[in-house]
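Peer 1: my questions concern the predicted model and sequence given below.
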Amino acid sequence: MAERLEIDFLDPNILRNPHPALTQLREVSPLYHVQHVEMGSRPWLLTRYDDALKILSDDRLSKDRMRLPKTGNNNMLDSAAASINRHMLTVDPPDHTRLRGLIHKAFTPRMIRELEGRIQEISDTLIDEMLKDEQADLIADFAVPLPVTVIAELLGIPMEDQEKFRQWSQTIVLEGLSNSNPEKVATAALEFIMYFHQMFDERRENPQDDLISALVQVEEAGEKLDQQELISMVFLLLVAGHETTVNLIGNGMLNLLQNPEQLEKLRQNPDMIKTAIEEMLRYDGPVGSSTMRWSLEPVEMYGQVIPAGDMILTSLLGANRDPEAFKNPDMFDITRTPNKHIAFGFGIHYCVGAPLARLEGAIAINTLLRRVPDLALAVDINELNWNATLLLHGMKSMPVRI
């Protein structure tokens, strides 16, 4: 059955609303061999909640592609990816345990809490600019610059360089996933690496009150991050620190605009924002699938044998609408409790940036509702253009009337 169904996840209609297709897969073919290539492989996709919990903690799978037999295809993209992808999402214990311990020493809950005032200030400044016109792009004018500014300031990156990071991130992540332009991806990765090698040297000589300095200096049990791990960690923080928040704000506001009674309920009761954010994460989350896992041995599920070395993904969007796990899963309810969604993953690889994304999303959306009461889509919903990847579920732009 996994091979008989043919679902094109890159079809614009499915990118816009993947849930009917995911419902079909959950019911008929809960393990599906995806038709297109992501990161050089055709992944197997799981769509049920219970399967997600199991597979995200399965020792037969590895996050570390280096543990797979070498294919001999050492191309430019593989080399570039390897140089920035030796971080917590791409290694197994004990390396993962060491790296996560080190980042937690630098990226502390207190540091995130202290950002609240600055996030509010940036939100208000961006909205001030938006209100000067009758129309805006909620993604480009608000959802992108807010988290990019926050993570750049947190890392200690000058304001004039922040646009570079958005471009590097978009190129390395989106074009890297599609493998559409390996040379462009490799060039972006090289520019990223060169920039930060220089910054690391500067921070070693003159430490500042920023996260780059903390990462350069952080130490646990006599171990520090080596140069490649530093580069990879910064890349992870940059991408995880803004791509998820961009999509959380965009998708969340779209959900509210499509459900005006929920929007009004939140506007009248802004203290509901915490449960509202959790429902936005569950209902139409910012990350479409788990990050890559590789089978270390043949894995049998649903009558299919997944060969060793194949990529296995969990559809977070599919799992979070599973009726076996959630009552009325296709209903958007900002008061939903409990809400055991897995929008930020599950297990030891649970997203380290989740608290920051939640805080940014809560402040951004409440501020928009308070300050832009007449905000509405400026185009038909079917005209919205979505990212063509399983991994990141979000819009490229969202034209709105102010």
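Peer 2: Yep, that arrived.
Peer 1: so the nearest residue to residue 252 once chain neighbours are set aside, which state does it fall into?
Peer 2: Leaving aside its sequence neighbours, residue 252 sits nearest to residue 280 (CB to CB, 6 or more residues apart in numbering; 3.8 Å). In short, each C-beta sits where N, CA and C put it, glycine included. When classified by DSSP: H, G, I helix; E, B strand; the rest coil, residue 280 comes out as helix.
Peer 1: quick one: residue 280 and residue 251 touch, right?
Peer 2: Yes - in this structure residue 280 lies within contact range of residue 251 using CB atoms under 8 Å: 6.6 Å.
Peer 1: which one of the two has more residues nearby?
Peer 2: Set residue 280 next to residue 251 and count neighbours by other CB atoms under 10 Å: residue 280 wins out with 28 against 23.
Peer 1: who are the contact partners of the more buried one?
Peer 2: Counting by CB atoms under 8 Å, 6 or more residues apart in numbering, residue 280 makes contact with 248, 251, 252, 255, 334, 361, 365.
Peer 1: pull the number of nearby residues for the fourth one.
Peer 2: What that stands for is residue 255. A count of nearby residues for residue 255, using other CB under 10 Å, gives 18.
Peer 1: over to residue 107?
Peer 2: Residue 107: 21 neighbours (other CB under 10 Å).
Peer 1: ok, it to residue 214 distance?
Peer 2: Shown here: residue 107 relative to residue 214, a distance of 8 Å by CB to CB, to the nearest Å.
Peer 1: next: residue 62.
Peer 2: Distance of residue 62 to residue 214, computed by CB to CB: 29 Å.
Peer 1: between those two, which has more neighbouring residues?
Peer 2: Set side by side, residue 62 and residue 214 show more neighbours around residue 214, with 22 against 18, by other CB under 10 Å.
Peer 1: thinking again about what came up before, from the contacts of residue 280, which single one is nearest residue 265?
Peer 2: Lowest distance from residue 265 to these (CB to CB) belongs to residue 334, with 6.4 Å.
Peer 1: give me the number of residues near the closest residue in space to that closest one that isn't next to it in sequence?
Peer 2: Among residues not flanking residue 334 along the chain, residue 276 sits closest, at 3.9 Å (CB to CB, 6+ apart). By the measure other CB under 10 Å, the count of residues near residue 276 is 29.
Peer 1: correct me if wrong: residue 276 contacts residue 358.
Peer 2: No - here residue 276 lies out of contact with residue 358, judged by CB under 8 Å, at a distance of 10.9 Å.
Peer 1: dead centre of the chain: give me the residue that sits there.
Peer 2: In the chain, the residue lying closest to the centroid (CA atoms, centre = their mean) is residue 244, at 3.8 Å.
Peer 1: quick check: that residue vs residue 351, distance?
Peer 2: Computed as CB to CB, the residue 244 to residue 351 distance reads 7 Å.
Peer 1: need the overlap of contacts for the two.
Peer 2: With contacts taken as CB under 8 Å, 6+ apart, the residues that reach both residue 244 and residue 351 are 344, 357.
Peer 1: show me which residues of stretch 226-238 are buried.
Peer 2: By neighbour count on 16 or more other CB atoms under 10 Å, the buried set for stretch 226-238 is 229, 230, 231, 232, 233, 234, 235, 236, 237, 238.
Peer 1: quick revisit: between the contacts of residue 280, which sits nearest residue 25?
Peer 2: Nearest to residue 25 among the contacts of residue 280: residue 251, at 20.6 Å, using CB to CB.
Peer 1: any idea how far the closest one lies from residue 39?
Peer 2: Distance, residue 251 to residue 39, by CB to CB: 23 Å.
Peer 1: what about the helix or strand hosting residue 359, distance to the chain center?
Peer 2: Element membership for residue 359, per DSSP states H and E: helix 354-371. Distance, stretch centre to chain centre, for helix 354-371: 16 Å (CA atoms, centre = their mean, to the nearest Å).
Peer 1: contacts for it next, please.
Peer 2: The set of residues that contact helix 354-371 without belonging to it, under CB under 8 Å, 6+ apart, is 109, 112-113, 115-116, 119-120, 123-124, 127, 131, 142-143, 146-147, 150-151, 241, 244-245, 248-249, 252-253, 256, 263, 266-267, 270, 273-274, 276-277, 280, 286, 344, 351, 375.
Peer 1: just the strands in the stretch 301-402 of the chain please.
Peer 2: Assigned by DSSP state E, counting those that start in this stretch, the strands in the stretch 301-402 of the chain fall at 304-306, 311-314, 376-377, 399-401.
Peer 1: tell me where the model's unsure across this structure.
Peer 2: For the chain, the stretches flagged by pLDDT under 70 are 1-3, 64, 66-97, 102, 106, 176-180, 219-223, 240-241, 348-350.
Peer 1: give the buried residues for the lengthiest helix in it.
Peer 2: In terms of residue count, the longest helix belonging to the chain (DSSP state H) is helix 182-205. The neighbour-count check on helix 182-205 (16+ other CB under 10 Å) flags 182, 185-189, 192-193, 195-196, 199-200, 203 as buried.
Peer 1: can you mark which positions in the host helix or strand of residue 262 are buried?
Peer 2: According to DSSP H and E, residue 262 maps onto helix 260-268. For helix 260-268, burial by neighbour count (16+ other CB under 10 Å) applies to 262, 263, 265, 266.
Peer 1: what about the spatially closest residue to residue 317 that is not a sequence neighbour, how many neighbours?
Peer 2: Among residues not flanking residue 317 along the chain, residue 288 sits closest, at 5.3 Å (CB to CB, 6+ apart). Neighbour count of residue 288, defined by other CB under 10 Å: 25.
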